[in-house]
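**Q** just a sequence and a predicted model for now, questions to come.
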Amino acid sequence: MTATDTKKRQNLVSKRDAPLLTPTDLESTATKDIAGAMNAILADVFALYLKTKNFHWHMSGPHFRDYHLLLDEQADQIFAMTDPIAERVRKLGGLTIRSIGDIARRQRLSDNNADYVEPSDMLAELREDNKTLAASLREAHNVCDEHRDIATASLIEVWIDETERRTWFLFESSRHEGTGGH
């Protein structure tokens with residue numbers, strides 16, 4: 001191998017082994033803190049998406065059509081959050097989730113693997129999960145505020161509003177079931 005070939009090979013190896021650092025004016029602690037908060041949010045969003053689709057697929061009963069369509073609409077909105085969250089983490093120079101296993105290790109929302117769930121219980125569980133997500137988004141917003149990351153904070157504000165809307169719709173949809181939703 002010539003010296004030129006050796007140098008090219010070393011250059012390729014160093015590029016392969018280099019971290020995926022994106023230039024940012026934020027300090028490395030900010031990138032680490034914000035990426036950590038947003039990756040936890042991303043894992044929860046994927047978990048909530050899958051649970052919402054699960055309940056959408058397994059809905060039954062006299063309100064099937066309304067609930068089925070509501071959950072499909074909500075799942076689409078939840079899934080639409082995933083790419084902007086992951087891309088925001090990358091824009092800041094962080095790394096993001098890579099697999100289902102990575103999601104499972106990071107998620108804070110519980111899965112529901114039951115064979116049958118009453119429709120009113122589905123709505124109540126999703127309502128509580130959305131409330132939990134809103135609270136987690138507020139915590140992530142605080143991390144962004146601490147590090148003066150206005151761009152991520154502004155995205156989070158929209159997601160909080162969307163999450164509160166889902167919570168409201170789930171609450172109102174369950175009122176006729178006699179649960180009251182509190």
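**A** Looks like it arrived, so ask away.
**Q** residues contacting Ile41?
**A** 85, 133, 136-137, 140 (C-beta atoms under 8 Å, 6 or more residues apart in numbering). All C-beta atoms are positioned from the backbone trio N, CA, C, and that covers glycine.
**Q** lowest average confidence, helix or strand, in the protein?
**A** Every helix and strand in the chain was compared by mean pLDDT, DSSP states H and E; the lowest is helix 3-17, with a mean of 67.
**Q** buried ones in the helix or strand following it?
**A** Beyond helix 3-17 in the direction of the C-terminus, DSSP states H and E gives the next helix or strand as helix 28-57. Burial within helix 28-57, assessed by neighbour count using 16 or more other C-beta atoms under 10 Å, is assigned to 30-31, 33-35, 37-56.
**Q** run through this structure and note the low-pLDDT ranges.
**A** Scanning the chain for pLDDT under 70 picks out 1, 11-21, 23, 176-182.
**Q** do that again at 90, thanks
**A** Across the chain, residues meeting the criterion (pLDDT under 90) sit at 1-30, 175-182.
**Q** dump the C-alpha coordinates for stretch 68-80 into CSV.
**A** Taking Å, rounded to 0.1, in the frame of the first residue of the first chain, the C-alpha atoms of stretch 68-80 are listed here in CSV:
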residue,chain,number,x,y,z
HIS,A,68,-62.0,4.7,15.3
LEU,A,69,-61.8,7.9,13.2
LEU,A,70,-60.9,10.0,16.2
LEU,A,71,-58.0,7.7,17.2
ASP,A,72,-56.8,7.5,13.6
GLU,A,73,-56.7,11.3,13.4
GLN,A,74,-54.9,11.6,16.7
ALA,A,75,-52.4,8.9,15.7
ASP,A,76,-51.6,10.8,12.5
GLN,A,77,-51.0,14.0,14.5
ILE,A,78,-48.8,12.2,17.0
PHE,A,79,-46.7,10.5,14.3
ALA,A,80,-46.2,13.9,12.6
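**Q** ends of stretch 107-117, how far apart?
**A** Counting by C-alpha to C-alpha, to the nearest Å, the length from the leading to the trailing residue of stretch 107-117 is 22 Å.
**Q** and the contacts of it?
**A** Stretch 107-117 is touched from outside by 40, 43-44, 46-48, 50-51, 54-55, 58, 125, 129, 132-133, 136, with contacts defined as C-beta under 8 Å, 6+ apart.
**Q** just the buried residues of it, please?
**A** With burial defined by 16+ other C-beta under 10 Å, the residues of stretch 107-117 counted as buried are 107, 109, 112, 117.
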